[in-house]
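Chemist: Turn this into a structure:
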Amino acid sequence: MKNRKFTAMGLLLALPVVFLIYSFCPRQANTQLKTPTKALAVLVMYGQGDTFNLTKFKGRIVVLNFWASWSKVSRAENKNLVRIYQKYKNNSKVVFYSVSLDTDEQSWKTAIEEDECAWLNHYCDFKKYNSPVAIVYKIKTIPTFYLFDKLGVVNTSGANVSDIETAIDGLLK
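Modeler: This is a model prediction of the structure:
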């Protein structure tokens with residue numbers, strides 16, 4: 001009987017520790033898009049007049065970043081993405097596009113400014129994971145990066161910008 005009490009108590013004490021470790025460890029993106037996959041639907045966001053349309057960049061390499069201002073991992077990866085953007089910003093063959101899963105416009109705009117995300121293509125409809133773009137691209141975790149080749153096909157996907165940088169170099173050759 002004592003052994004059962006100790007086992008149950010041990011499990012109860014271990015659960016919060018496991019939860020904390022799981023909560024603070026970066027996780028790999030659980031993306032559902034397989035490579036290769038064509039760029040998906042053009043989505044018009046009603047009420048904002050904003051359009052999410054990757055097909056307009058056909059003939060160019062597109063780095064698509066799903067992130068949010070409230071995600072510490074996303075914010076850390078933004079620093080890496082800015083470094084890569086600086087490397088390719090003068091190359092007209094490479095386009096950067098960010099989709100935020102934020103719910104607050106001011107937080108989103110502040111994060112773009114603080115993180116120095118200087119590229120022009122930023123998108124947010126403030127619906128978090130319920131955003132049509134997040135649903136179509138099957139986003140389950142952030143950050144998630146997709147790299148589309150010149151034909152609009154997903155070449156690489158993942159949670160780390162370093163994977164994207166190597167692939168961009170390969171596509172530019």
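Chemist: What separation is there between the residue most central in space within the chain and Leu101?
Modeler: The chain has Phe66 as the residue nearest its centroid, 2.4 Å off, counting by Cα atoms, centre = their mean. With distances taken as Cβ to Cβ, to the nearest Å, Phe66 is found 7 Å from Leu101. C-beta: built from backbone N, CA, C; applies to glycine.
Chemist: Which residues are in contact with each of those two?
Modeler: Ala134, Ile139, Ile142 (Cβ atoms under 8 Å, 6 or more residues apart in numbering).
Chemist: now stretch 117-136: how far from the chain's centre is it?
Modeler: Distance, stretch centre to chain centre, for stretch 117-136: 9 Å (Cα atoms, centre = their mean, to the nearest Å).
Chemist: can you tell me the average pLDDT over it?
Modeler: Averaged over stretch 117-136, pLDDT sits at 91.
Chemist: Could you list the buried residues of stretch 109-123?
Modeler: Ala111, Ile112, Asp115, Cys117, Trp119, Asn121, Tyr123 (16 or more other Cβ atoms under 10 Å).
Chemist: Would you mind writing the CA trace of it as PDB?
Modeler: Taking Å, rounded to 0.1, in the frame of the first residue of the first chain, the C-alpha atoms of stretch 109-123 are listed here in PDB:
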ATOM      1  CA  LYS A 109       3.600  46.200 -35.300                       C
ATOM      2  CA  THR A 110       5.800  46.800 -32.300                       C
ATOM      3  CA  ALA A 111       7.500  43.400 -32.700                       C
ATOM      4  CA  ILE A 112       8.100  44.100 -36.400                       C
ATOM      5  CA  GLU A 113       9.800  47.300 -35.500                       C
ATOM      6  CA  GLU A 114      11.700  46.000 -32.500                       C
ATOM      7  CA  ASP A 115      13.000  42.900 -34.400                       C
ATOM      8  CA  GLU A 116      13.900  45.200 -37.400                       C
ATOM      9  CA  CYS A 117      12.000  43.100 -39.900                       C
ATOM     10  CA  ALA A 118      12.600  45.500 -42.700                       C
ATOM     11  CA  TRP A 119      11.100  43.600 -45.600                       C
ATOM     12  CA  LEU A 120       7.800  44.900 -47.100                       C
ATOM     13  CA  ASN A 121       5.600  41.900 -47.000                       C
ATOM     14  CA  HIS A 122       4.000  41.500 -43.600                       C
ATOM     15  CA  TYR A 123       0.500  40.000 -43.100                       C
END
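Chemist: With that, I have no additional questions.
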